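Engineer: Could you work out the structure for the sequence below:
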Amino acid sequence: MAFFRAVLQLWASVIRGLRRGLERVGLLDRLDQWAARSRIGLWVRSQLSVYDVTDFMRLDLPWWTLNAVTLVDEFLQARPHARVFEWGSGASTIWLEKRAAEVISVENDERWHEMMSSYVGPTTSCGTPTPRQQRSLEYRLGGGAIAVGTSSITSTPSTTLTASLTSL
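Structural biologist: Modelled structure (predicted):
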């Protein structure tokens, strides 16, 4: 696991260095312009955002495949009052927030949760489960569809998520 994490960190560092180099010579702006008008351009530009949530947010893009982005975007456009439950926060949380009436995001990493909480608006609730709640949620998620009670999810990092799961 440590080796894998080191490789990912090295990869992210290389990509960030490449992005800084492209920015210095003025090519990042050109890539951004291409991304604004082309799906292929957006994909190429997104490859320079690996492990950089703020860059993905700037591109208004979750870290999903472009086909998934299109499908979810179309789904949410047809349902302007949609409430979205997300397990794991990130650029997708911000992207969803712009397209849904409400987003409920559960994040297991407290430090990541605190950082993401600073980016979300009033229509998004982020919470972190205790380790016991997390094990319970993971166990129950394996059983199929779920409904999540959201009344106890708060956006304050000092509280933990208490979600009641009910099989549908």
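Engineer: what's the longest helix in this protein?
Structural biologist: Scanning the chain for the longest helix, with DSSP state H as the assignment, gives helix 2-24.
Engineer: Ramachandran angles for N108?
Structural biologist: According to degrees, to the nearest 10, the main-chain angles of N108 amount to phi -90, psi -20.
Engineer: where along this protein do the strands fall?
Structural biologist: Using DSSP state E, the strands of the chain run over residues 83-87, 102-106, 124-127, 146-148, 165-167.
Engineer: can I assume T123 is in contact with R99?
Structural biologist: No: T123 is beyond contact range of R99, at 10.6 Å (criterion: CB atoms under 8 Å). Where C-beta positions appear, they are placed from N, C-alpha and C, glycine not excepted.
Engineer: the more surrounded of the two?
Structural biologist: R99 (17 against 13; other CB atoms under 10 Å).
Engineer: do you know how far that one is from L28?
Structural biologist: 26 Å (CB to CB, to the nearest Å).
Engineer: just to revisit the earlier point, for the record, mean pLDDT for the longest helix of the chain?
Structural biologist: Average pLDDT, helix 2-24: 92.
Engineer: and it, what other elements does it pack with?
Structural biologist: Contacts defined by 3 or more CB pairs under 8 Å, 6 or more residues apart in numbering; DSSP states H and E place helix 2-24 against helix 27-37.
Engineer: Can you point out the buried residues in the helix it packs on?
Structural biologist: Buried positions in helix 27-37, judged by neighbour count with 16 or more other CB atoms under 10 Å: L28, L31, D32, A35.
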